[in-house]
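Asker: Prediction below, plus the sequence it came from.
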Amino acid sequence: MFKKTTFYKLGVAAVLIFGSVAFWGERRSSLDSTRANAAVETEVQTDRVEFLSDYDEAMRVAAAESKPALIFFMTKDCKHSQYMLRTSFTDPEVERLAREFVCVELDMDDPKNEEVCDAFDVVSSPTELFLSSYGVTLQRASKAQSGESLRKQMQSALTTVAWRAAHLGEDAAIRR
């Protein structure tokens, strides 16, 4: 009797162990597959923000397309600038809103950008500057921003552009 009970218990234990291993192994491969599919969908759904690298060219494009400009002043060795490029500018909503702007990335260490930095009194990195298509400063932030914070600032800049167009007209925007 002792032997039958022992074998029975061992059999039940073996079934439970192998059953749970099979279940969790199958579940894990299912989760891995789901994660892989989500990663592929994410890669397909997101576009990178396209930056121009020349201020004068960007402002010509902004005027021609009647779009505001987002100027991102950065340096290659600034960890906060690199953080924003890796995280904030890859936020899907930021990517979508960026299509409403002419985006410019200016390296503050590059001598050709010194004049622009001086003109806008940019002394720290990162600095995000929002301009109307006529070069009027709409907003400015001299700090690293999360995707959510940058998104809110972009929406606010677009609202300001719409208000200026409705209430001041293009001629007034040019003069200010």
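Answerer: Everything's here; your move.
Asker: Any stretches of this protein with poor pLDDT?
Answerer: By pLDDT under 70, the weakly predicted segments of the chain are 1-47, 170-176.
Asker: now the strands for it?
Answerer: 69-74, 102-107, 127-131, 137-141 (DSSP state E).
Asker: Deepest-packed of the ones you listed, please.
Answerer: strand 69-74 (a mean of 24; mean count of other C-beta atoms under 10 Å). Every residue, glycine included, has its C-beta placed from N, CA and C.
Asker: what sits up against that strand?
Answerer: 51, 55, 58-59, 62, 81-82, 84-85, 89, 98, 101-108, 113, 116-117, 120, 122, 125-133, 154, 157 (C-beta atoms under 8 Å, 6 or more residues apart in numbering).
Asker: That strand versus strand 137-141: what angle between them?
Answerer: Strand 69-74 runs at 30 degrees relative to strand 137-141, counting by axes from the mean of the first three to the mean of the last three C-alpha atoms, to 10 degrees.
Asker: could you give the angle of strand 69-74 to strand 102-107?
Answerer: Using the same axes, to 10 degrees: strand 69-74 against strand 102-107 is 20 degrees.
Asker: quick one, strand 69-74 and strand 127-131 angle?
Answerer: Using the same axes, to 10 degrees: strand 69-74 against strand 127-131 is 160 degrees.
Asker: possible to save the strands of the chain as CSV with distance to Gly169?
Answerer: Listed next are those as CSV, based on distance: least, C-beta to C-beta, whole Å:
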stretch, distance to Gly169
strand 69-74, 20
strand 102-107, 21
strand 127-131, 18
strand 137-141, 16
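Asker: Tell me which stretches of this protein form helices.
Answerer: Taking DSSP state H as the test, the helices found in the chain are 2-45, 55-65, 79-86, 92-98, 114-119, 147-167, 169-175.
Asker: residues contacting the closest residue to Glu50 other than its chain neighbours?
Answerer: Of all residues not flanking Glu50 in the chain, Cys103 sits nearest, at 6.5 Å (C-beta to C-beta, 6 or more residues apart in numbering). Cys103 sits next to Val49, Glu50, Phe51, Leu52, Ala58, Ala69, Leu70, Phe72 when contact means C-beta under 8 Å, 6+ apart.
Asker: and which of these is nearest to Gly147?
Answerer: Nearest to Gly147 among the contacts of Cys103: Val49, at 11.1 Å, using C-beta to C-beta.
Asker: And for the closest one, the neighbour number?
Answerer: Around Val49 there are 21 other residues, counting by other C-beta atoms under 10 Å.
Asker: Isn't it up against Glu95?
Answerer: Yes - Val49 is within contact range of Glu95, at 5.7 Å (criterion: C-beta atoms under 8 Å).
Asker: Give the intersection of the neighbour lists for these two.
Answerer: In contact with both Val49 and Glu95: Phe89, using C-beta under 8 Å, 6+ apart.
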